[in-house]
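>>> sequence unavailable; structure follows:
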Ligand code: UDX
Ligand code: ADP
């Protein structure tokens, strides 16, 4: 296999954008095209104002500034990008299906399939196709079949190269990856394709961190990794409920069990519920796969992780209502944070959306301050739930630009996202501006609850008994 000179990536989203920026940075001799059907998104990737990049990730703008229009190019000419490249990454979205067979469970592969068909139509030379989107097991073989149908005498190799980056730390995760996983076919061609991709990652990672497997193992490993991580969160959240009843402190329990090196300290932070584009989708996928094969006990086991997460979001909102004398109708409730975690502008599956929806059912006035999320995004998130007419959502959801302005005359504040900035707010000032009793619901346990109680707040926190 000759060295790769041009790579193209279809899909300029949270995965494609940062991953290609790092590949371009570390492989200056390779031309990297990132293409997308969304013209506005590409315009923003090319914007001179780096604050406008469609993905916010610490460190990303600096890299884009260094390599954009040198060896990293964002554009919408997908056909050209396919023609030019020896290696094509598919990084399009694979949301949970909202229709038909597998509705609400299986991944919707229509965008991936469209890409495969477009590659098959346009390609004039051999291609290595790399699946980067999270996909159910056996997708690579479907891609391969679609490519082979055209029978142009070209050789296609399909690799699975799942992405393990977490949002908010994407650049660090890419630069210092624990491991890179590349699944390929055992044929000679498959092995050559694997080596070509290994070489790209070897530009900055030691060879022993690049694991190669067969395609199925690689695909299933991605789902399994996310299922295990999400399961830890649901496990600690399940314990948080019991803590609230008994007086054990969930953070102390997490510290105690996390000190056992077999368990380890990460992903044990009790919270208002996990969000993000991956965990729920991947677990639902796993559940669907198990059900498909008639493995109902295994399916039920994984499904429980989602059930627990839904319960955590639901009971947080229900707790707010019951603490505030069983009515929040007409009350101003401030949300600190809307993103699904700190340091990202991504809101997919954020607990904030579901909590807001439940409180709007109770006719609460929701005022949201988030350092990175736009008003438009918040509105759209609620519209997408489809629970009530859009105008009615707009009537209850208010966008705030400043955390102190937001709080004036509020009955309660709920910390939904663990943005660092919330830890250093002037809580005395906030207390003064609020109606009394002033309630705080700390959905992330990032605040100093003792100090807040001394100021006069009524504090409710995840996994802590009410005092
Ligand atoms: C996840 C995986 O970590 C990553 O490897 C994969 O590629 C994509 O899915 P991401 O969804 O970006 O990444 O963020 P992650 O840091 O995993 O957080 C997911 C959710 O879990 C967030 O809502 C976060 O706030 C929550 N979380 C995380 C907790 O509630 N408690 C924890 O201890 C850790
Ligand atoms: P992820 O988190 O997986 O990166 P995103 O939704 O952020 O998901 O990004 C996926 C991107 O893929 C979107 O910008 C979308 O416009 C793009 N996309 C989807 N289908 C196609 C397609 N057929 N051709 C080009 N781009 C596509």
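That came through fine. Predicted, not measured: the structure shown is a model, and the values here were computed from it. Residues are numbered from 1 along each chain as shown. Ligands and ions are numbered 1, 2, ... in the order given.

>>> every contact and neighbour count from this point should use C-alpha atoms.
Fine.

>>> the stretch 201-350 of the chain: strands as residue ranges?
210-214, 332-336 (DSSP state E, counting those that start in this stretch).

>>> er, the stretch 1-150 of the chain I mean
6-10, 31-35, 72-75, 87-90, 127-131.

>>> if we can go back for a sec, reformat the strands of the stretch 201-350 of the chain as a markdown table; add mean pLDDT and mean neighbour count.
Formatted as a markdown table, the strands of the stretch 201-350 of the chain follow (pLDDT from 0 to 100; neighbours: other Cα atoms under 10 Å):
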| stretch | mean pLDDT | mean neighbour count |
| --- | --- | --- |
| strand 210-214 | 96 | 17 |
| strand 332-336 | 98 | 26 |
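
>>> hmm, the helix ranked longest in the chain in reach of ligand 1?
Under DSSP state H, the helix in the chain containing the largest number of residues is helix 215-246. Yes: counting by Cα under 6 Å from any ligand atom, ligand 1 has neighbours in helix 215-246: 226, 233.

>>> ok now that helix, how far from the chain's centre?
When distances are taken as Cα atoms, centre = their mean, to the nearest Å, helix 215-246 is centred 15 Å away from the chain's centroid.

>>> okay, buried residues for it please.
With burial defined by 16 or more other Cα atoms under 10 Å, the residues of helix 215-246 counted as buried are 215-224, 226-228, 230-244.

>>> which one, of the strands of the stretch 201-350 of the chain, ends up nearest to ligand 1?
strand 332-336 (13.8 Å; Cα to the nearest ligand atom).

>>> all the helices of the stretch 101-250 of the chain, residue numbers only.
110-122, 139-149, 170-175, 188-202, 215-246, 250-258 (DSSP state H, counting those that start in this stretch).

>>> ok, the one residue in the stretch 201-350 of the chain that gets nearest to ligand 2 - contacts?
The minimum distance from the stretch 201-350 of the chain to ligand 2, using Cα to the nearest ligand atom, falls at residue 277 (6.5 Å). Contact analysis of residue 277 by Cα atoms under 8 Å, 6 or more residues apart in numbering lists 95, 348, 349.

>>> how about 7 Å then?
Residue 277 makes contact with 348, 349, according to Cα atoms under 7 Å, 6 or more residues apart in numbering.

>>> can you check the one 4 residues further on too?
The neighbours of residue 281, taking Cα under 7 Å, 6+ apart as the test, are 95, 96.

>>> could you redo the last one with a cut-off of 6 Å?
Going by Cα atoms under 6 Å, 6 or more residues apart in numbering, residue 281 touches residue 96.

>>> what does the most centrally placed residue in the chain show for phi and psi?
By Cα atoms, centre = their mean, the chain has its centre lying nearest to residue 276, at 3.3 Å. Dihedral pair for residue 276: phi 100, psi 160, per degrees, to the nearest 10.

>>> and for residue 93?
Main-chain dihedrals, residue 93, degrees, to the nearest 10: phi -80, psi 150.

>>> all numbers from here: first residue = 565
Sure, I'll start counting at 565 from here, so that last one is residue 657.

>>> where's it relative to ligand 2, distance?
Applying Cα to the nearest ligand atom, to the nearest Å, the value for residue 657 to ligand 2 is 4 Å.

>>> and that residue, how far from ligand 1?
From residue 657 over to ligand 1 the distance is 13 Å, taken as Cα to the nearest ligand atom.

>>> tally of neighbours for that residue?
When neighbours are counted by other Cα atoms under 10 Å, residue 657 registers 23.

>>> list the contacts for it?
Contact analysis of residue 657 by Cα under 6 Å, 6+ apart lists nothing.

>>> quick check: it vs residue 607, distance?
19 Å (Cα to Cα, to the nearest Å).

>>> out of the helices of the stretch 665-814 of the chain, which gets the lowest mean score?
Note on the helices of the stretch 665-814 of the chain: lowest mean pLDDT is at helix 703-713, with a mean of 88.
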